[in-house]
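Asker: Sequence first, predicted coordinates after that:
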Amino acid sequence: MRCNLSSLSRLVLSIAGVLFAHFIIYKEKFLVLFVNSKLPIEDSLPVVLPSSFLPSKVIYMDKVPINRNGKIDRAKLMGILEEHCSKLKTTSSLTTFLGKFGIVEESDFYHSFVDYGNYLISTRVSRSFMFHKVSGVRSLEAAEIALHLGSADALHDILNPNLTIQEVLLKYASKSQDNEPEGLQLLGQHTEAVNVPITTSHQSDILWAYDTGKCIDGTPLLTR
């Protein structure tokens, strides 16, 4: 599907408060929007843009980079994008990023990106809490996650219901996070507590078949 990036930029400029808008295609797969705006525009984009051309990521800028010819400096825009993506170099920053999509519980990592959650999470609004249901990522959200993982191929696996979130992260994130592979393996690692019953009632006397004089040795015999 083809599109005119300049036309898309003009549509974004029609949103109130937008002073600058520029699209680029990253790695021949991801549509990225650079914008200078007085207010967040994510909620307004679906109103002015066709659903097929919603950006995988929106990057807000205070200043527009201009080259010596007076044109938009695409190289600097690419550098800004790479910097944004490179911030996810640690396990903590990656889990914080995934929290944006409601992936906050340990159990989420055992489900796929498309069916995790299915529970209510709360968002603080003033002094009260607003509850909403989480039920997996959509195509646009999957594209943003794939962009941050640095691979267009990740998009297919993110939308694969047969791959868990942990499996996808280990497959792609570990390739770009050589400094912390063990941390990634701990994402979603399952721990289990075992309840051991304790009784204060009288127990049977125990005699040892042979007393070696050591702390514990031999075979215990129960006597009645």
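Answerer: Yep, that arrived.

Asker: quick one, phi/psi of K57?
Answerer: phi -150, psi 140 (degrees, to the nearest 10).

Asker: swap that for I24, please
Answerer: phi -140, psi 160.

Asker: just use 880 as the starting number from now, easier for me
Answerer: I'll keep to 880 as the first residue from here, and by that count the last item is I903.

Asker: Neighbours of it, how many?
Answerer: 17 (other C-beta atoms under 10 Å). Bear in mind the C-beta positions are built from the backbone N, C-alpha and C, glycine included.

Asker: ok, it touching M957?
Answerer: Yes. Counting by C-beta atoms under 8 Å, I903 does reach M957; the two are 7.2 Å apart.

Asker: Show me where the protein has its helices.
Answerer: 884-892, 924-927, 953-965, 970-978, 1018-1028, 1033-1037, 1044-1055, 1060-1064 (DSSP state H).

Asker: Generate JSON lines for those, with distance to R947, mean neighbour count and mean pLDDT as supplementary columns.
Answerer: Shown next, in JSON lines, are these (distance: least, C-beta to C-beta, whole Å; neighbours: other C-beta atoms under 10 Å; pLDDT from 0 to 100):
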{"stretch": "helix 884-892", "distance to R947": "22", "mean neighbour count": "15", "mean pLDDT": "95"}
{"stretch": "helix 924-927", "distance to R947": "32", "mean neighbour count": "14", "mean pLDDT": "95"}
{"stretch": "helix 953-965", "distance to R947": "12", "mean neighbour count": "14", "mean pLDDT": "87"}
{"stretch": "helix 970-978", "distance to R947": "35", "mean neighbour count": "16", "mean pLDDT": "80"}
{"stretch": "helix 1018-1028", "distance to R947": "30", "mean neighbour count": "21", "mean pLDDT": "86"}
{"stretch": "helix 1033-1037", "distance to R947": "37", "mean neighbour count": "20", "mean pLDDT": "90"}
{"stretch": "helix 1044-1055", "distance to R947": "33", "mean neighbour count": "18", "mean pLDDT": "78"}
{"stretch": "helix 1060-1064", "distance to R947": "42", "mean neighbour count": "14", "mean pLDDT": "51"}
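
Asker: Understood, closing this out.
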